[in-house]
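>>> Okay, predicted coordinates and the sequence, questions at the end:
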Number of protein chains: 2
Amino acid sequence: MTDQPLEPEFPLKPAQKKGVSKAAFRRLPHYHQIVSAYEGLGRRYISSKELSQILDINETLVRKDMADLEIRGRQNQGYAIEVMKRAIEDYLGLQDSTDALIIGAGHLGKALALYHGFEQYGLRIAGILDNDPGKIGSYVGPHEVLSVFRLASTIERKKIKLIVLTVPRPSAQEVTDIAVGAGVRAIWNFTPTELRVPEQVRVRNEQIIAGFMTLSYFLKNLNVPEEIPEAAE
Amino acid sequence: MTDQPLEPEFPLKPAQKKGVSKAAFRRLPHYHQIVSAYEGLGRRYISSKELSQILDINETLVRKDMADLEIRGRQNQGYAIEVMKRAIEDYLGLQDSTDALIIGAGHLGKALALYHGFEQYGLRIAGILDNDPGKIGSYVGPHEVLSVFRLASTIERKKIKLIVLTVPRPSAQEVTDIAVGAGVRAIWNFTPTELRVPEQVRVRNEQIIAGFMTLSYFLKNLNVPEEIPEAAE
DNA sequence: TAGATTGTTAATCGATTAACAATC
DNA sequence: TAGATTGTTAATCGATTAACAATC
């Protein structure tokens, strides 16, 4: 195993004075979610105080994050929701669509393939592949399940840059190697595996069990006398 | 919306000199995954150097994390994999089992209910509920889908402390309120919603789209001249 | 106006890393 | 032994927060 970021989520220019810090970068999806919800409620503005309360972080931190994103607020009103949402989307490149191939048509792969809600972030499922002859040729929503033997050719033909890995652990590295060889640059990894990839390829590990672990710790320490701290990160 | 941790994952005693820092706490699932994989390969020891390379963090940081967890290494050999795995599991309470109810028998809810691999972390699916009459009474693996009207009574009868939320966004808060009223203390939230909960209840937001956002940023900036930084966090 | 709010700087806090001693 | 490695302390770095000026 070689070098592989624990979390690949950070700005590409972290050294610069101006710009978004790693920590701020990680908060962007949360900001986006909140303003999306507020937009749905018909709200036009949101203050740093409101945002800070929802996220349970310091009010000043919200203002600093906005300043770093070059999102300007209005005295007495807060930040314009439309502006903020758009700025985050622009920053993350969510306006341009991204085609992805799902590898593994198991329960999770199917759930991801059928999820409505990715489109609004520019994520388009371009196909789904599996190695099970019993699944190949069947349909998952509009997508015919392709043989994983067609992985490289499909990536090349469709110029796919992102794959979503939901295969069993033992095949994860093998599939990764093929995909990387065919030109993939990013891997959304739902398998419990630390993948080895060349440095020009980015991996995001969606280690779902990690979420449970944090809750387990909390549940097993419910009776610890110490007060529970306000916030993490 | 009121106070709600952005990430609820941190030790309960962060102020103390001795103990695991928030940042280290977040690395525990990764350490655990790596040593599990190494154990599967028949390895007995792993050095801080190996761990640091896989995680792409500094070697000293690994040793500091181990010291904070009170895991002792051996000169010239590194850390005993069995000891390390066990220590992390003990720390997180993964040895004691946790019963959870899945709310929402959609694609994701079913995928989680059917996932084999939670058991090894002590997570047991105690049932699955939905509000769709077409689903109620059907089976997801060994579990009969129950009406969500039985949520409170099921929580109380089975003394459930954790629910897994995979309902559509509009129902998320309502279901949460019922579950919290019935005594639930932790919510594993897969809906794109910032839930309001009393402070004794912990929420872990599994905002899956966040992972895509980080990859989107990377993919949209492939041609940025600046060198790509080594690691995040 | 007073109050609410943003925006910025400096101070503080927490996490990481460098340096190095210890030891098998 | 020399080399590999852990363990610890102090220095550095980065992120958060407090303080406060600006302004609508």
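It's in. Residues are numbered from 1 along each chain as shown, chains lettered A, B, ... in the order given.
>>> For chain A, give the helix that spans the most residues.
helix A:22-40 (DSSP state H).
>>> so who does the residue of chain A found nearest DNA strand C touch?
Closest approach between chain A and DNA strand C, counting by C-beta to the nearest atom of the strand: A:G73, at 3.1 Å. Backbone N, C-alpha and C define where each C-beta goes, glycine included. When contacts are counted by C-beta atoms under 8 Å, 6 or more residues apart in numbering or on different chains, A:G73 is found next to A:47-48, A:63, A:66, A:79-80.
>>> mind redoing it with 6 Å?
A:Y79 (C-beta atoms under 6 Å, 6 or more residues apart in numbering or on different chains).
>>> how near is it to A:I46?
9 Å (C-beta to C-beta, to the nearest Å).
>>> Also A:R196?
42 Å.
>>> do A:L151 as well
From A:L151 over to A:I46 (counting by C-beta to C-beta), the distance is 44 Å.
>>> Name the nearest residue to A:V167, ignoring sequence neighbours.
A:G104 (3.9 Å; C-beta to C-beta, 6 or more residues apart in numbering or on different chains).
>>> Touching, that neighbour and A:T166? I think so.
Yes - counting by C-beta atoms under 6 Å, A:T166 is a contact partner of A:G104 at 3.7 Å.
>>> sorry, back to before: okay, A:R196 and A:I46: which has more neighbours?
A count of neighbours by other C-beta atoms under 10 Å in any protein chain shown puts A:I46 above the other of A:R196 and A:I46, at 22 against 16.
>>> before we move on, the earlier item: only the C-alpha atoms, please, for the longest helix of chain A, written as PDB.
What follows is helix A:22-40 as a C-alpha-only set of coordinates in PDB (Å, rounded to 0.1, in the frame of the first residue of the first chain):
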ATOM      1  CA  LYS A  22      -9.300  22.600   4.400                       C
ATOM      2  CA  ALA A  23     -11.500  22.800   7.400                       C
ATOM      3  CA  ALA A  24     -13.800  25.300   5.600                       C
ATOM      4  CA  PHE A  25     -13.800  23.100   2.600                       C
ATOM      5  CA  ARG A  26     -15.300  20.300   4.600                       C
ATOM      6  CA  ARG A  27     -18.100  22.600   5.800                       C
ATOM      7  CA  LEU A  28     -19.200  23.600   2.300                       C
ATOM      8  CA  PRO A  29     -21.600  20.600   1.800                       C
ATOM      9  CA  HIS A  30     -23.300  21.500   5.100                       C
ATOM     10  CA  TYR A  31     -23.700  25.100   4.200                       C
ATOM     11  CA  HIS A  32     -25.100  24.100   0.800                       C
ATOM     12  CA  GLN A  33     -27.600  21.700   2.400                       C
ATOM     13  CA  ILE A  34     -28.800  24.400   4.800                       C
ATOM     14  CA  VAL A  35     -29.300  27.100   2.300                       C
ATOM     15  CA  SER A  36     -31.000  24.600   0.000                       C
ATOM     16  CA  ALA A  37     -33.500  23.800   2.700                       C
ATOM     17  CA  TYR A  38     -34.000  27.500   3.500                       C
ATOM     18  CA  GLU A  39     -34.500  28.200  -0.200                       C
ATOM     19  CA  GLY A  40     -37.200  25.500  -0.200                       C
END
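>>> Direction included, what does the helix or strand following it pair against?
For helix A:22-40, the following helix or strand on the C-terminal side (DSSP states H and E) is strand A:45-46. Using DSSP bridges, the strands paired with strand A:45-46 in its sheet are strand A:79-80 (antiparallel).
>>> one step back: for A:G73 and A:I46, list the residues in contact with both.
With C-beta under 6 Å, 6+ apart, A:G73 and A:I46 have common neighbours A:Y79.
>>> so how far is DNA strand D from the closest residue to A:A105 other than its chain neighbours?
In space, and not counting its chain neighbours, A:A105 is closest to A:D130: 4.0 Å by C-beta to C-beta, 6+ apart. Counting by C-beta to the nearest atom of the strand, to the nearest Å, the gap from A:D130 to DNA strand D is 40 Å.
>>> neighbouring contacts of stretch A:27-45?
By C-beta under 6 Å, 6+ apart, stretch A:27-45 touches A:46, A:54-55, A:77-78, A:80-81, A:84-85, A:88, B:6, B:192, B:207, B:210, B:213.
>>> List the buried residues for it?
Within stretch A:27-45, the residues scored as buried using 16 or more other C-beta atoms under 10 Å in any protein chain shown are A:27-35, A:37-38, A:45.
>>> Please identify the helix or strand for A:R72.
Using DSSP H and E, A:R72 falls within no helix or strand.
>>> Number of residues surrounding it?
Residues near A:R72, counting by other C-beta under 10 Å: 12.
>>> got it, and the one 4 residues further on?
Using other C-beta under 10 Å, A:N76 has 7 other residues around it.
>>> ok, now the one 5 residues further on?
Residue neighbour count, defined by other C-beta under 10 Å, stands at 20 for A:I81.
>>> how far away is it from chain B?
14 Å (C-beta to the nearest C-beta, to the nearest Å).
>>> got a pLDDT number for that residue?
Listed pLDDT for A:I81 reads 98.
>>> Give me the nearest residue to it, chain neighbours excluded.
A:V35 (4.8 Å).
>>> what about the strands in chain A?
A:45-46, A:79-80, A:98-103, A:123-130, A:139-140, A:143-147, A:162-165, A:186-189, A:202-205 (DSSP state E).
>>> Identify, out of the ones you listed, the most deeply packed stretch.
For the strands of chain A, average neighbour numbers computed from mean count of other C-beta atoms under 10 Å in any protein chain shown are highest in strand A:162-165, which has a mean of 26.
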